[in-house]
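Visitor: Have a look at this prediction, sequence included:
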2 protein chains.
Amino acid sequence: MPPNANSLCYEITNQQTKRTRQHNLETVLNEVLETALKEVCSLHVHARLPEFKLGLVQLAVGTSKGDNITRAVTMVKQAAAAGADMVALPECFNSPFGTGYFLEYAEPIPGPSTEALSKAAKENNIFLIGGSIPEKGSDGKLYNTSTIFSPDGTMIHLFDIDVPGKIRVKESDALSPGNSLTCFNTPFCRVGVAICYDIRFAELAQIYAQRGCKLLVYPGAFNMTTGPVHWEALQRGRALDNQLYVATVSQARDESASYVAWGHSTVVGPWGDVIAKADHEEKILYADIDLDRVEEVRTMIPLGTQRRHDLYKVVDLTESSQDPGDK
Amino acid sequence: MPPNANSLCYEITNQQTKRTRQHNLETVLNEVLETALKEVCSLHVHARLPEFKLGLVQLAVGTSKGDNITRAVTMVKQAAAAGADMVALPECFNSPFGTGYFLEYAEPIPGPSTEALSKAAKENNIFLIGGSIPEKGSDGKLYNTSTIFSPDGTMIHLFDIDVPGKIRVKESDALSPGNSLTCFNTPFCRVGVAICYDIRFAELAQIYAQRGCKLLVYPGAFNMTTGPVHWEALQRGRALDNQLYVATVSQARDESASYVAWGHSTVVGPWGDVIAKADHEEKILYADIDLDRVEEVRTMIPLGTQRRHDLYKVVDLTESSQDPGDK
């Protein structure tokens, strides 16, 4: 082997060795960085991030399911670009509201709508509360189901507590009641989700609060009769009773629809004050959820320690009742 | 005996007989009428009178206990003269509000204040919810106690559930918590009474509703911080959750007092709508309590039958929990 060749070979070998060393160093550095990052993240999970931005998509839902999904995904992206860490869609975001629509628009889960939401959550690195969709259950029944996605696109919860027999459109004619209620953890706080009419049941919110939720999100669609009188009053009631944030997210109003939604997606703070409120048109509503404020209010008025559990008690009878939350 | 005399005697005898007969007839008629009246009343007790007038005395409470009592009794009389069937006084109607006053103004029950109320209820033939007074208990402790009087002057209930440790004036420094909660029956409906801060505990109102109350009365005294944000919102919350009437009755505002009350005694209907509201000055506020409206709202939105007792339940742990109410 000529010296040049040898030299070349040496150079190549040397370069390979350097590259290998460099690669090894990069690998080690990456591992160190990854470990450090994980520890920082883990620290945040334990310490909780004290504030986050919530985006509520008051979507104008039309009769094209495909368009509804595309529009929802676009607005989720907008919200994330504006800094939202968590985004929520309204009840029935992919379908007009009404018993006449549910069978036609229903789909299994997973299905096209939830797959689009999973992708949107992952692409935008956000928590996504997928409002609700009419679900075609494996038992052949229809459910009004809320799905939730973590920033890696995983569906972290299916929620279908919605009660039957409502006045709104007599959903019970078309939809079956669910039997689960849970909440999900985020690096910010534990969050409870329930659908629309459920906001009338103080017990449900009380149980979520018992489980440590600091934010309750109600995708909903009150109508033009109950909306003006009950929508905000119920949210303030739930927030005041439990000293936490309450958000409602409605479809935008469509005067030509068979069911005309009140709109007015709202965020109420733990002091019972309205901190953000939409009108009835399509809009993304933002609110900063300040978890220190929750603690501040609970210190000012310590309902938690003053509640007379010797005289009354709200009891959680669900299968998941053993989950004490992380208050 | 001369004929005339005989005749006279006959006349007298005859007249006596007629009088006796007349008396007997009157007696029989009275008995019949009385029985009929009792049956009608009894019918009303069962069928319930569908409407009654409630009077809330937003009393200007001063530092003279005697004057406070006299003023309260005068305004109760005025309310009754205006047609009120039930009258309520504010929390601490005989004493300025504040821990510094309670020991000085406290008295046993029965005592001068409750005796004056008993007399006022009887003289005006009304149900009288005596707000509250600082009570000197037989155990030497102080309680914030509400007394209630039926139209015959009988004290039908003592109520002292009020919780300790409030932000307002740290009542717990001076007052001890009570351990009872009940409600009382009237020919109109069952009525639940709780004091001020208790309105923050949704469970208490839920239990009263479970026991069949159609009206909850909260003698209270929110302050200038919590009053504007919480006072009406909490009442609307309690009314909406339980689909019943909620009344609050406050002292009038005294800007020179150590504790400045918000005033604004209010009546909220079962639809969650404010049906009567005072400003902050001394006033008697009236509201017609329409029990048909309660049924109407409960038929429109049948929360009672839709509540998911398989998932959650509010449990009454008091000694009187066996009392199912008369819904």
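Guide: Happy to help now that I have it. Numbering: from 1, shown residues only, chains lettered A, B, ... in the order given.
Visitor: Give me the distance from stretch A:232-246 to the chain's centre.
Guide: 18 Å (C-alpha atoms, centre = their mean, to the nearest Å).
Visitor: So that stretch, near chain B or not?
Guide: Yes: using C-beta under 8 Å from any C-beta of the partner chain, stretch A:232-246 reaches chain B at A:233-234, A:236-238, A:240-241. The C-beta positions use only the backbone N, C-alpha and C, and glycine is treated the same way.
Visitor: can you put the residues you listed in a markdown table and add distance to residue A:257?
Guide: Compiled in a markdown table, the residues of stretch A:232-246 next to chain B are given as follows (distance: C-beta to C-beta, whole Å):
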| residue | distance to residue A:257 |
| --- | --- |
| A:233 | 24 |
| A:234 | 23 |
| A:236 | 27 |
| A:237 | 28 |
| A:238 | 27 |
| A:240 | 32 |
| A:241 | 33 |
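Visitor: Looking at those residues, which is nearest residue A:196?
Guide: Nearest to residue A:196 among the residues of stretch A:232-246 next to chain B, counting by C-beta to C-beta, is residue A:234 at 10.3 Å.
Visitor: Quick check: which ranges of the stretch 151-300 of chain A have low pLDDT?
Guide: For the stretch 151-300 of chain A, applying pLDDT under 70 flags the ranges A:159-182.
Visitor: Strands along that one, start to end?
Guide: Taking DSSP state E, counting those that start in this stretch, the strands of the stretch 151-300 of chain A run over residues A:155-159, A:183-185, A:190-193, A:213-220, A:245-250, A:266-268, A:274-277, A:283-290.
Visitor: Quick one, which of the ones you listed gets closest to residue A:132.
Guide: The nearest among the strands of the stretch 151-300 of chain A, by C-beta to C-beta, is strand A:213-220 at 5.6 Å.
Visitor: Tell me the residue of the stretch 1-150 of chain A that sits nearest chain B?
Guide: Across the stretch 1-150 of chain A, the shortest distance to chain B (C-beta to the nearest C-beta) belongs to residue A:144, at 14.1 Å.
Visitor: on contacts alone, who are the packing partners of the one helix or strand that residue maps to?
Guide: Using DSSP states H and E, the secondary-structure element containing residue A:144 is strand A:142-149. Identification of packing neighbours for strand A:142-149 by 3 or more C-beta pairs under 8 Å, 6 or more residues apart in numbering or on different chains; DSSP states H and E yields helix A:112-124, strand A:127-129, strand A:133-136, strand A:155-159.
Visitor: Give the pairing partners of the shortest one; include direction for each.
Guide: It refers to strand A:127-129. Strand A:127-129 has the following sheet partners, assigned by DSSP bridges: strand A:86-88 (parallel), strand A:142-149 (antiparallel).
Visitor: out of these, deepest packed?
Guide: Comparing these by mean neighbour count (mean count of other C-beta atoms under 10 Å in any protein chain shown), strand A:86-88 comes out on top with a mean of 29.
Visitor: Not counting its own residues, what contacts that strand?
Guide: Residues outside strand A:86-88 that contact it (C-beta atoms under 8 Å, 6 or more residues apart in numbering or on different chains): A:52-57, A:76, A:79-80, A:124, A:126-129, A:131, A:186, A:188, A:191, A:217, A:219, A:247, A:249.
Visitor: quick one: residue A:84 and residue A:56 touch, right?
Guide: No: the criterion here is C-beta atoms under 8 Å, and residue A:84 misses it with residue A:56 at 9.0 Å.
Visitor: The two: which has the busier surroundings?
Guide: Between residue A:84 and residue A:56, counted using other C-beta atoms under 10 Å in any protein chain shown, residue A:56 has the larger neighbour count: 30 against 24.
Visitor: buried sites along the strand or helix carrying the more buried one?
Guide: Using DSSP H and E, residue A:56 maps to strand A:51-58. If you call a residue buried by 16 or more other C-beta atoms under 10 Å in any protein chain shown, then strand A:51-58 has these buried ones: A:52-58.
Visitor: Keep only those of those residues that are also close to chain B.
Guide: By C-beta under 8 Å from any C-beta, no member of the buried residues of strand A:51-58 lies near chain B.
Visitor: Narrow the residues of stretch A:232-246 next to chain B to those that are buried.
Guide: Buried by 16+ other C-beta under 10 Å: A:233-234, A:236-238, A:240-241, out of those.
Visitor: ranges for the helices of chain A?
Guide: Along chain A, counting by DSSP state H, helices occupy A:3-47, A:65-81, A:99-105, A:112-124, A:202-210, A:226, A:232-242, A:291-300, A:303-306.
Visitor: Quick check: buried residues in the third one?
Guide: Going back to what we said before, that points to helix A:99-105. By 16+ other C-beta under 10 Å, the buried positions in helix A:99-105 come out as A:99, A:101-102, A:105.
Visitor: and what of stretch A:305-320?
Guide: For stretch A:305-320, a neighbour-count test (16+ other C-beta under 10 Å) marks A:306-308, A:311-314, A:316, A:318 as buried.
Visitor: and residue A:275, how many neighbours?
Guide: Close neighbours of residue A:275, defined as other C-beta under 10 Å, add up to 18.
Visitor: next one: residue A:242
Guide: 26.
Visitor: Do you know the pLDDT at residue A:100?
Guide: At residue A:100, the pLDDT value in this model is 84.
Visitor: residue of the stretch 151-300 of chain A with the smallest distance to chain B?
Guide: For the stretch 151-300 of chain A, the residue closest to chain B is residue A:237, as judged by C-beta to the nearest C-beta, at 2.7 Å.
Visitor: Quick check, that residue in contact with residue B:233.
Guide: Yes: the pair residue A:237 / residue B:233 is scored as a contact, 6.9 Å apart, by C-beta under 8 Å.
Visitor: still on that earlier bit, redo the buried residues of helix A:99-105 as CSV? Include distance to chain B.
Guide: Listed next are these as CSV, based on distance: C-beta to the nearest C-beta, whole Å:
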residue, distance to chain B
A:99, 17
A:101, 22
A:102, 19
A:105, 24
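Visitor: quick one: which of the residues you listed is nearest to residue A:138?
Guide: Checking the buried residues of helix A:99-105 one by one against residue A:138 (C-beta to C-beta), the nearest turns out to be residue A:102, at 16.6 Å.
Visitor: Count the residues that sit near the closest residue to that closest one other than its chain neighbours.
Guide: In this structure, residue A:102 finds its nearest non-sequential neighbour in residue A:134, 4.0 Å apart by C-beta to C-beta, 6 or more residues apart in numbering or on different chains. When counting by other C-beta under 10 Å, one arrives at 24 neighbours for residue A:134.
Visitor: Then residue A:235?
Guide: Neighbour tally, residue A:235, other C-beta under 10 Å: 28.
Visitor: ok, now residue A:231?
Guide: 24.
Visitor: Residue A:278: what's it in contact with?
Guide: Counting by C-beta under 8 Å, 6+ apart, residue A:278 touches A:56, A:58, A:250, A:263-266, A:285.
Visitor: Spatially central residue (nearest the centroid) of chain A, please.
Guide: The centroid of chain A falls nearest to residue A:129 when counting by C-alpha atoms, centre = their mean (2.7 Å).
Visitor: So it sits against residue A:156, correct?
Guide: No: assessed by C-beta under 8 Å, residue A:129 is found out of contact with residue A:156, at 10.2 Å.
Visitor: which residues are common contacts for those two?
Guide: Listed contacts common to residue A:129 and residue A:156 are residue A:148; contacts here mean C-beta under 8 Å, 6+ apart.
Visitor: Report the separation between residue A:231 and residue A:255.
Guide: For residue A:231, the distance to residue A:255 (C-beta to C-beta, to the nearest Å) stands at 18 Å.
Visitor: residues from the stretch 201-327 of chain A in reach of chain B?
Guide: Residues of the stretch 201-327 of chain A lying close to chain B (C-beta under 8 Å from any C-beta) are A:201-204, A:206-207, A:226, A:229-230, A:233-234, A:236-238, A:240-241, A:271-273, A:300-303, A:305-318.
Visitor: Which residues are in contact with residue A:188?
Guide: Shown in contact with residue A:188 (C-beta under 8 Å, 6+ apart): A:48-49, A:51-52, A:85-86, A:289, A:291.
Visitor: switch the cut-off to 7 Å
Guide: Going by C-beta atoms under 7 Å, 6 or more residues apart in numbering or on different chains, residue A:188 touches A:48-49, A:52, A:289, A:291.
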